[in-house]
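In: just to be clear, the model below is a prediction. Sequence and coordinates:
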Amino acid sequence: MDTTIIPIRLKHRQCIPAPGPAPVHVLTDRTVDRLQALNTVARQLRSWNIDVIREDIAGAWPAIGHPTITIRRSLDRSIAPLLDAVGRVTWIRTSDGVTGLAVLYGVRITWSEPR
């Protein structure tokens, strides 16, 4: 059985990409270190019964560019283990209230204090 190849002429010479695997993205050592730190801190916070609501490898305000975890702060759950572990908290007044910022193993942890 012979296979015949028939050339296809495209009207406007369009380029049709061949199906294939998605491009490979390589994680740098710095990215891997940040992910490991985020995972370690998130596990620790959860073990202290603290709700983790967001993990961000590059952070947003007030921790732009740093691995950041945002926690849910409620009056019925203590964050005393976190406060004991970090030793120092930065308090930032905003028009919405007060935001806490602490650093644990290089990861910034942020939360809004309940009113």
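Out: Good, I have the coordinates.

In: in the protein, where is pLDDT below threshold?
Out: Scanning the chain for pLDDT under 70 picks out 1-19, 23-24, 60, 114-115.

In: wait, is N39 part of a helix?
Out: Yes - checked against DSSP: H, G, I helix; E, B strand; the rest coil, N39 lies within a helix.

In: so Y105 sits against V41, correct?
Out: Yes - under the criterion of C-beta atoms under 8 Å, Y105 makes contact with V41 at 5.6 Å. In this view, the C-beta of every residue, glycine as well, is placed from N, C-alpha and C.

In: list the contacts of the lengthiest strand in the chain.
Out: Assignment by DSSP state E gives strand 97-104 as the longest strand of the chain. The contact list for strand 97-104 (C-beta atoms under 8 Å, 6 or more residues apart in numbering) reads 41, 44, 62-63, 73, 82-83, 85-86, 88-92, 108-113, 115.

In: ok, that strand: who's next to it in the sheet?
Out: Within its sheet, and counting by DSSP bridges, strand 97-104 is paired with strand 90-94 (antiparallel), strand 107-112 (antiparallel).

In: nearest to S78, out of those?
Out: For the strands paired with strand 97-104, the distance to S78 is smallest for strand 107-112, at 12.8 Å, taking C-beta to C-beta.

In: state the distance from L35 to D56.
Out: L35 is 11 Å from D56, where distance means C-beta to C-beta, to the nearest Å.

In: which residues touch stretch 107-115?
Out: 37-38, 40-41, 45, 59, 62-63, 66-75, 79, 82, 86, 96-103.
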